[in-house]
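Enquirer: sequence below, structure please.
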Amino acid sequence: MTDQNLAENVITCTRCHSKYHNTQESISKDFGYKRLGGRYKLCVKCRGNTNIKECCVCMKRLNKHNTVNIKCMHGICTSCIKGLEKDNEIFIKCPICRRAYMECGNGPFHPVIMKLCFRDNVFSGIIHPMQLFYHVSKKHVFVDPTTGSLVVEEEWVNRMKVIFKLASACYDSVSHDNPMTCYVYKDGDTSFILKAKKPDYSHELIHLRDFYTHARQEADVIELFMREQFIKLFFIEKY
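Expert: Below you'll find the model as predicted:
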């Protein structure tokens, strides 16, 4: 494309006055003015803040059959959300406000309140504060084989109170703009610790495969902890 053609396709947004290229939207000026009127001269971000229900990426009309519901209420169609998923297998970001989301199975997309970083920059995500307690090491919460009673390490409880409070604040936040990041440090061969401090070296973190195979506590022990100790230790009833 020549410099002259590029110049003709540069449009100035009438609301925020930023410049953008019409070629990114693959529509002609004539078609744009007929379909959108004055809205054609709005950039993608400003168009997304209007009341007309159109996909903020491809500008396709939205209906109950092709709309993906996300908490920030910026409209996006099913075709475009698939394109965003290809860029990042775990998280997607709203094209307008850049909030991070995760899909739960085939259900809706939920805002990510916390990212868990493993070795080699492998990430997992949390969409609810209670999910933190399904990331518990066998060293910190376990059943005593001699007595059969549940043992909870006090130092782990004190650390988790801080992290859980931060995660709860992110969950209650209206914006969810920047989910916090916790790093999963290796603590011996079969244990790990969650910390907010970024490590100096990647090898200080545990591999995701080791986390799932032999470091994370079994689900039945975690459920026992949630029934017997959670309310008493964390004084949280709202979740």
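Enquirer: in the protein, which helix or strand is least confident?
Expert: Least confident helix or strand of the chain, by mean pLDDT, DSSP states H and E, is helix 29-36 with a mean of 42.
Enquirer: any idea how far the residue lying closest to Lys53 once chain neighbours are set aside lies from Leu205?
Expert: For Lys53, the nearest residue in space outside its immediate sequence neighbours is Leu62; the separation is 4.4 Å by CB to CB, 6 or more residues apart in numbering. For every residue, glycine as well, the C-beta is placed using N, CA and C. Taking CB to CB, to the nearest Å as the criterion, Leu62 is separated from Leu205 by 41 Å.
Enquirer: need the contact list for Ile208.
Expert: I think there's a mix-up here, since residue 208 is Leu and not Ile. Taking CB atoms under 8 Å, 6 or more residues apart in numbering as the definition of contact, the neighbours of Leu208 are 118-119, 122, 124.
Enquirer: are any of those buried, and which?
Expert: Burial by neighbour count, judged by 16 or more other CB atoms under 10 Å, picks out 118-119, 122, 124 from the contacts of Leu208.
Enquirer: just name the closest of the contacts of Leu208 to Phe234, please.
Expert: The shortest approach to Phe234 among those belongs to Ser124, at 21.9 Å (CB to CB).
Enquirer: give the contact list for the residue lying closest to Glu218 once chain neighbours are set aside.
Expert: Distances taken as CB to CB, 6+ apart put Lys138 closest to Glu218, at 7.9 Å, once the chain neighbours are dropped. Contacts for Lys138 were tallied using CB under 8 Å, 6+ apart; they are 190-191, 214-218.
Enquirer: below-threshold pLDDT in the protein: ranges please.
Expert: Applying pLDDT under 70 to the chain flags the ranges 1-11, 14-15, 19-52, 85-89, 104-107, 174-177, 235-239.
Enquirer: which helix runs longest in it?
Expert: Longest helix of the chain, by residue count under DSSP state H: helix 154-172.
Enquirer: and that helix, which residues are buried?
Expert: Residues of helix 154-172 classed as buried by neighbour count (16+ other CB under 10 Å): 156, 159-160, 163-164, 166-168, 170-171.
Enquirer: may I have the following helix or strand past that helix as PDB, with CA atoms only?
Expert: Scanning the chain past helix 154-172 towards its C-terminal end, the next helix or strand to appear is strand 180-186 (assignment: DSSP states H and E). Included here for strand 180-186 are C-alpha records, laid out as PDB according to Å, rounded to 0.1, in the frame of the first residue of the first chain:
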ATOM      1  CA  MET A 180      -2.100  -9.500  41.300                       C
ATOM      2  CA  THR A 181       0.600 -12.100  40.700                       C
ATOM      3  CA  CYS A 182       1.700 -14.700  43.200                       C
ATOM      4  CA  TYR A 183       4.800 -16.800  42.600                       C
ATOM      5  CA  VAL A 184       4.800 -20.500  43.400                       C
ATOM      6  CA  TYR A 185       8.200 -21.100  45.100                       C
ATOM      7  CA  LYS A 186       9.700 -24.500  45.400                       C
END
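Enquirer: ends of stretch 72-81, how far apart?
Expert: This stretch, stretch 72-81, spans 14 Å end to end (CA to CA, to the nearest Å).
Enquirer: before I go, just wanted to say thanks for your time.
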